[in-house]
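In: Got a predicted model here, sequence first, then my questions.
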Amino acid sequence: MNELTTTSAGGLIALKYGAKNELQEFKPFQRDILLFDTYIAGTSHIENIAALEPSIKVGDRLNFFRETENEYDANAIVIKTAANEKIGYVPQKDNIVFSRLMDAGKLLFGRVKAKELRGKWVKISIDIYLHE
């Protein structure tokens, strides 16, 4: 059984009973929304990319973090693996809207779509998602 309650701001939220009969917030429309497809920029500047490349698999989730102190790009979004290894950036030509969403508190992440080794360069294609 679900219950409705009001928030301190006067809005309504739904609550549900969990496995141990405790009330939990219920988010019926929570989902991941595909926003864009692109590639990871700057992989050739990552010192240990050759060692990381074999562990990066199609379908892997990638975490995004704002890098507001980046001297080259105020909208920089660094991309890290689930193991917290930096593997590059969202391309500067694509990051303005995504950085604004993240600055507004939205959770964005990536998924590896394809990976190709071209000599010493690793091209990693990704999809960018908004978790809503």
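Out: Cool, got the structure.

In: What ranges in this structure fall below the confidence cut-off?
Out: Residue ranges of the chain with pLDDT under 70: 1-19, 21-29.

In: hmm, 90 instead?
Out: 1-31, 117-121, 132 (pLDDT under 90).

In: And the residue nearest the centre of the protein?
Out: In the chain, the residue lying closest to the centroid (C-alpha atoms, centre = their mean) is residue 109, at 1.2 Å.

In: could you show me where the helices are in the protein, in order?
Out: 49-52, 95-103 (DSSP state H).

In: And those: which comes nearest residue 30?
Out: helix 95-103 (16.7 Å; C-beta to C-beta). C-beta coordinates here come from the backbone N, C-alpha and C atoms, glycine included.

In: Centre of the chain to that closest one, how far?
Out: Distance, stretch centre to chain centre, for helix 95-103: 12 Å (C-alpha atoms, centre = their mean, to the nearest Å).

In: So for stretch 43-61, what gets flagged as buried?
Out: 43, 46, 49, 52, 56 (16 or more other C-beta atoms under 10 Å).

In: Take those and lay them out in a markdown table including distance to residue 78.
Out: A markdown table is the format used below for the buried residues of stretch 43-61 (distance: C-beta to C-beta, whole Å):
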| residue | distance to residue 78 |
| --- | --- |
| 43 | 12 |
| 46 | 11 |
| 49 | 14 |
| 52 | 14 |
| 56 | 15 |
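
In: now, the most widely separated pair of these?
Out: 46 and 56 (11.3 Å).

In: got any residues that touch both of those two?
Out: In terms of C-beta atoms under 8 Å, 6 or more residues apart in numbering, residue 46 and residue 56 are both contacted by the residues residue 87.

In: So the residue nearest to the centre of the chain sits against residue 132, correct?
Out: No. Judged on C-beta atoms under 8 Å, residue 109 makes no contact with residue 132 at a distance of 11.8 Å.

In: Overlap of the contact sets of these two?
Out: residue 32.

In: circling back to that earlier point, so can I have TSV of the helices of the chain showing distance to residue 122?
Out: Below are these laid out as TSV (distance: least, C-beta to C-beta, whole Å):
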stretch	distance to residue 122
helix 49-52	6
helix 95-103	20
